[in-house]
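S.K.: Need a 3D model of the following:
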Amino acid sequence: MQISTEPPAPAHKAKRRIWIGAVVAIACAAVAAAVLPKVLRGGDKDKKVPVPLEFIAAEVARPVAARLPLTLEFSGPLVAPRTAVVRAKAAGTLLSLSVAEGSRVKAGQVIGVIDLAEMQSRAEDRAALVESAQAALVEAERQNTANVGLAAQNFISPTALQTSQARLDAARAQLKSAQAQLASMRVGIRDATLSVPISGIVGKRHVVPGEKVSAEQQIVTVVDLSSLELAGSVGTHEVSMLEPGQVAAIRIEGQSSDVAGRIDRIAPSAEAGTRAIGVVVALENKGERFRAGQYAQARVELADAAERMTVPSGAVGQASGQDFVWAIERGALVRRIVVTGRRDAATGRVEVVKGLGADALILAVRFDNLKEGAPAKVVAQRSVANAATGAPSAPAGTSPSASASAAPVSRS
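M.R.: Purely as a prediction, here's the structure:
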């Protein structure tokens, strides 16, 4: 009998499977032990600790009680109140005109001649009527004197005497009428002389010699530049703060300095549709430096009677029609909506009416990319900023220190 020494095939395969499984399990455990710490460290790395923004003392401020003078501004063109238009008082041909634009004239100066032949002819006709009326009056007086003598001797009736007296009265009235017409014609001839009523400069010449002009037609315009007026307008809510006599600073286009003026008059009612009220500011124009028609802007400073809570104008931003400031509260940035009032460009301060406490700590400079809730603190001296963290920056036009103030510090 023959006995086999080989183990059964199924048992051999089972042992092999056990060994392979053990090796695979050990390898997986080794890989997990090597990879898992790196994964865990990578997850911790993604969760960065927020770095607080550092602001120096010059970049933060607290509200300050101050008086803010109110400035009312209005603009308009300069006008010359003393402007005269020389007109033709009679129709005729313009024979001569001795002035042009820019010519300087004096009051009473004759500047031209109009052919008044027709008017002079009519004046001569009126003079003839006067002579005729005078002759008729003499005849009426002689006839009436004779009738008075005849009536005294009862040669004529009282009715005939009364008729004679009526003819005498009519002759006197006719003479007065003729004399009045002659005087009127002579006044017309005298007024037809082209003379200027005021001293000044010829601003515009409307006709040329040889042209036929009609009565009341414009010949030249004369402007007196010794004094000018700014004609502007203000709103109905501002006019109550103005009154005649107040001093105004006027900035005229093309000039680098202001000119002093005074409010001369204020319109009694608002213009329909615009609800604006006209205000006129008078200013002296010595040396005729300025010209009528130049654009000018007037500023009236009104003193403040009470102190107000104010902040730097750079601290106030605007978004969606609302004013806001950035405040540092409990180590974080907070965006506060505020209601502003008066503004003073000279001191660079803005009144805060509502939305901010008197002890609030705010950013006095504008910055971009600020986020509400971001950690922030005030330091005596800023440390080196980490540019790779994407820190918020200041807008164009701000100071270099302001641009760096919102940069977070780097931590090792």
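
S.K.: where does the stretch 101-250 of the chain have low pLDDT?
M.R.: Within the stretch 101-250 of the chain, the ranges that satisfy pLDDT under 70 run 191.

S.K.: what ranges do the helices span in the stretch 1-150 of the chain?
M.R.: With DSSP state H, counting those that start in this stretch applied, the stretch 1-150 of the chain shows helices at 9-46, 117-152, listed in chain order.

S.K.: Mind listing what's buried along the shortest one?
M.R.: Translated: helix 117-152. For helix 117-152, a neighbour-count test (16 or more other Cβ atoms under 10 Å) marks 119, 122-123, 126-127, 129-130, 133, 136-137, 140, 144, 147, 151 as buried. In this view, the C-beta of every residue, glycine as well, is placed from N, C-alpha and C.

S.K.: ok, longest strand in the chain?
M.R.: As assigned by DSSP state E, the longest strand anywhere in the chain is strand 332-344.

S.K.: Contacts for it, please.
M.R.: Contacting residues not belonging to strand 332-344 are listed as 53, 68-71, 304, 308, 313, 316, 322-328, 349-356, 360, 362, 370-376 [Cβ atoms under 8 Å, 6 or more residues apart in numbering].

S.K.: Next, the buried residues of stretch 356-369.
M.R.: Using 16+ other Cβ under 10 Å as the test for burial, stretch 356-369 gives 356, 360-367.

S.K.: quick revisit: could you pull out the buried residues of the longest strand of the chain?
M.R.: Applying 16+ other Cβ under 10 Å to strand 332-344 flags 332-334, 336, 338, 340, 342-344 as buried.

S.K.: how far out from the middle of the chain is it?
M.R.: The chain centre lies 27 Å from the centre of strand 332-344; the measure is Cα atoms, centre = their mean, to the nearest Å.

S.K.: Let me see the ranges of the helices in the stretch 151-300 of the chain.
M.R.: Counting by DSSP H, counting those that start in this stretch, the helices of the stretch 151-300 of the chain are 158-191.

S.K.: ok, back up a step: of the buried residues of stretch 356-369, closest to L194?
M.R.: Proximity of these to L194 was ranked by Cβ to Cβ; the top entry is R366 with 65.3 Å.

S.K.: For D169, see how far away the closest one is.
M.R.: Using Cβ to Cβ, to the nearest Å, R366 is found at 96 Å from D169.

S.K.: Just confirm L302 contacts T71, I think it does.
M.R.: Yes. Assessed by Cβ atoms under 8 Å, L302 is found in contact with T71 at 7.4 Å.

S.K.: returning to that earlier point: can you lay out the buried residues of strand 332-344 as JSON lines showing pLDDT and distance to Y295?
M.R.: Formatted as JSON lines, the buried residues of strand 332-344 follow (pLDDT from 0 to 100; distance: Cβ to Cβ, whole Å):
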{"residue": "A332", "pLDDT": "91", "distance to Y295": "49"}
{"residue": "L333", "pLDDT": "92", "distance to Y295": "44"}
{"residue": "V334", "pLDDT": "92", "distance to Y295": "45"}
{"residue": "R336", "pLDDT": "91", "distance to Y295": "40"}
{"residue": "V338", "pLDDT": "93", "distance to Y295": "35"}
{"residue": "T340", "pLDDT": "90", "distance to Y295": "29"}
{"residue": "R342", "pLDDT": "83", "distance to Y295": "27"}
{"residue": "R343", "pLDDT": "84", "distance to Y295": "24"}
{"residue": "D344", "pLDDT": "82", "distance to Y295": "25"}
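
S.K.: Tabulate the residues you listed (JSON lines), appending distance to G188.
M.R.: Shown next, in JSON lines, are the buried residues of strand 332-344 (distance: Cβ to Cβ, whole Å):
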{"residue": "A332", "distance to G188": "90"}
{"residue": "L333", "distance to G188": "85"}
{"residue": "V334", "distance to G188": "84"}
{"residue": "R336", "distance to G188": "79"}
{"residue": "V338", "distance to G188": "73"}
{"residue": "T340", "distance to G188": "67"}
{"residue": "R342", "distance to G188": "62"}
{"residue": "R343", "distance to G188": "62"}
{"residue": "D344", "distance to G188": "63"}
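
S.K.: Now flag whichever of those is closest to S226.
M.R.: Nearest to S226, judged by Cβ to Cβ, of the buried residues of strand 332-344 is D344 at 35.4 Å.

S.K.: hey, what's the closest one bridged with?
M.R.: Beta-bridge partners recorded for D344 (DSSP bridges): R349.
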